[in-house]
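Undergrad: This is a predicted model, with the sequence first.
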Amino acid sequence: MDKDRIAGTAEDFAGKAEAAVGKMTGDPGTEASGRLREAAGAAQDLYGQAKDKTREAADSASTYVKQAYENGGDALRDGSEALARKVRDNPIGSILIAGGIGFALALLMMRPSPPPRRGRRYYG
């Protein structure tokens, strides 16, 4: 609980008490002062509540990020183990796939670049 919430609740209570005393004595100035104090206390309490909610959201976000970071290593490890299992189960197929990927990359890298376009130039 935030200190602003505690102080705001106390100020709200004091304002209600002051307004009640002003109403009982028939003093409109004291009653108005109490209502003003009550409103200020309520505003401070709301501010404290907002700070608490923001702090809670930041804590939950950091917890989520930590869990995602820790589980990311597990997912990578599981994926590499699954790939190693597939290669172990079918070594010839794995070699053929790796060779096909290498051949496709070689074709892409060895392809000549297209000649520059010759045409009209715009001299705006």
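TA: Ah, there it is.

Undergrad: Stretch 2-16: which residues count as buried?
TA: Asp2, Asp4, Arg5, Gly8, Thr9, Glu11, Asp12, Gly15, Lys16 (16 or more other CB atoms under 10 Å). (C-beta placed from N, C-alpha, C; glycine too.)

Undergrad: out of those, which are inside strands?
TA: Of these, none are assigned to strands by DSSP state E.

Undergrad: okay if I get these as TSV plus distance to Ala57 and pLDDT?
TA: Formatted as TSV, those follow (distance: CB to CB, whole Å; pLDDT from 0 to 100):
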residue	distance to Ala57	pLDDT
Asp2	14	72
Asp4	17	81
Arg5	16	81
Gly8	20	83
Thr9	22	86
Glu11	26	85
Asp12	25	85
Gly15	30	87
Lys16	31	88
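
Undergrad: Mind picking the two most distant members of these?
TA: For those, the farthest-apart pair by CB to CB is Asp2 and Lys16; their separation is 20.9 Å.

Undergrad: rewinding a little: closest to Ile97 among the buried residues of stretch 2-16?
TA: Out of the buried residues of stretch 2-16, the member with the shortest distance to Ile97 (by CB to CB) is Asp2, at 59.1 Å.
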